[in-house]
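1. how does the following fold in three dimensions:
(chains A and B)
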Amino acid sequence: AQSVTQLGSHVSVSEGALVLLRCNYSSSVPPYLFWYVQYPNQGLQLLLKYTSAATLVKGINGFEAEFKKSETSFHLTKPSAHMRDAAEYFCAVSVPPTDKLIFGTGTRLQVFP
Amino acid sequence: NAGVTQTPKFQVLKTGQSMTLQCAQDMNHNSMYWYRQDPGMGLRLIYYSASEGTTDKGEVPNGYNVSRLNKREFSLRLESAAPSQTSVYFCASRTLPTSHEQFFGPGTRLTVL
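-> Model prediction:
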């Protein structure tokens, strides 16, 4: 069965610092993996997705994630945090064949000036 | 295009009351999904519809019913609301067969007293 674990429910960084949000997955089949961002009182917006092409995936707003099969990880990074990055981030794995999404519990990112 | 729209945005119910949450998408997507979001639990799938005329249970279907009215619309009904159904509800849609991305609506915040 597919599952997702996000380590750290809260992450705090200073503006300009590296952002690293961790995601590990469990899947019995080659996974499709996603990172979504949720700004306060809004819906979810796709940041990036891995669908078995390149293992390093670039997304919107300067974020990227690397698929590492040996570590069953899909960590999200951004070299330099900006105040506008403060939001909640969700990692998700897709369950074939219906592509239902299994979400992690989310990581709230705070960015301090 | 409006994308995925949801009505209402906010709702307060008393225990035992019923209501229907509406969702519509204008992207000609085949699959539609209902999730609920609770603090510390991420998003959990309630029901989904892989195509017009079909619906299936997700992870937490108890207390809910759905109707896929046509290709555009997918409604979620609470027949007898309970305080445990206080949550934020998100509708999502996805096209088939090659896209694995789900597009989310803005959410409905429901409080059951």
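2. what residues does chain A put near chain B?
-> A:9, A:32, A:34, A:36, A:42-46, A:49, A:51, A:90, A:94, A:98-101, A:103-106 (CB under 8 Å from any CB of the partner chain). Bear in mind the C-beta positions are built from the backbone N, C-alpha and C, glycine included.
3. residue closest to the middle of chain B?
-> Closest to where the C-alpha atoms of chain B average out (CA atoms, centre = their mean) is B:W34, at 2.9 Å.
4. what's the helix or strand for that residue?
-> Taking DSSP states H and E as the criterion, B:W34 maps to strand B:31-38.
5. from the chain's centroid, how far away is that strand?
-> 5 Å (CA atoms, centre = their mean, to the nearest Å).
6. also stretch B:66-82?
-> Worked out by CA atoms, centre = their mean, stretch B:66-82 lies 7 Å from the chain centre.
7. give me the residues contacting it.
-> B:13-26, B:28-30, B:32-34, B:46-47, B:49, B:52-55, B:63-65, B:85, B:89, B:91, B:93, B:110, B:112 (CB atoms under 8 Å, 6 or more residues apart in numbering or on different chains).
8. are any of those residues buried, and if so which?
-> B:13, B:21-25, B:29-30, B:32-34, B:46-47, B:49, B:55, B:64, B:85, B:89, B:91, B:93, B:110, B:112 (16 or more other CB atoms under 10 Å in any protein chain shown).
9. can you flag which of those residues belong to strands?
-> Applying DSSP state E to the buried ones among the contacts of stretch B:66-82, the entries found in strands are B:13, B:21-25, B:32-34, B:46-47, B:49, B:89, B:91, B:93, B:110, B:112.
10. now B:P83. Its backbone dihedrals?
-> phi -60, psi -30 (degrees, to the nearest 10).
11. and chain B, which residues reach chain A?
-> Counting by CB under 8 Å from any CB, chain B sits next to chain A at B:4, B:31, B:33, B:35, B:40-45, B:48, B:50, B:56, B:58, B:90, B:92, B:94, B:100-107.
12. ok, now with 6 Å
-> B:G40, B:G42, B:L43, B:L45, B:A50, B:H100, B:E101, B:F104, B:G105, B:P106, B:G107 (CB under 6 Å from any CB of the partner chain).
13. can you add secondary structure, pLDDT and neighbour count and give these back as CSV?
-> Converted to CSV, these look like this (DSSP: H, G, I helix; E, B strand; the rest coil; pLDDT from 0 to 100; neighbours: other CB atoms under 10 Å in any protein chain shown):
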residue, secondary structure, pLDDT, neighbour count
B:G40, coil, 85, 7
B:G42, strand, 89, 20
B:L43, strand, 93, 28
B:L45, strand, 94, 22
B:A50, coil, 88, 19
B:H100, coil, 76, 19
B:E101, coil, 84, 17
B:F104, strand, 94, 22
B:G105, coil, 95, 25
B:P106, coil, 93, 18
B:G107, coil, 95, 23
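14. need the max-distance pair from these.
-> B:G40 and B:A50 (29.3 Å; CB to CB).
15. write the ChimeraX selection for whichever of the residues of chain A next to chain B are buried.
-> Here is the ChimeraX selection string for the buried members of these, based on 16+ other CB under 10 Å:
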select /A:32,34,36,43,44,46,49,51,90,94,98,99,100,101,103,104,105,106
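16. and the residues of chain A next to chain B, which of them are in helices?
-> Among those, none falls in helices (DSSP state H).
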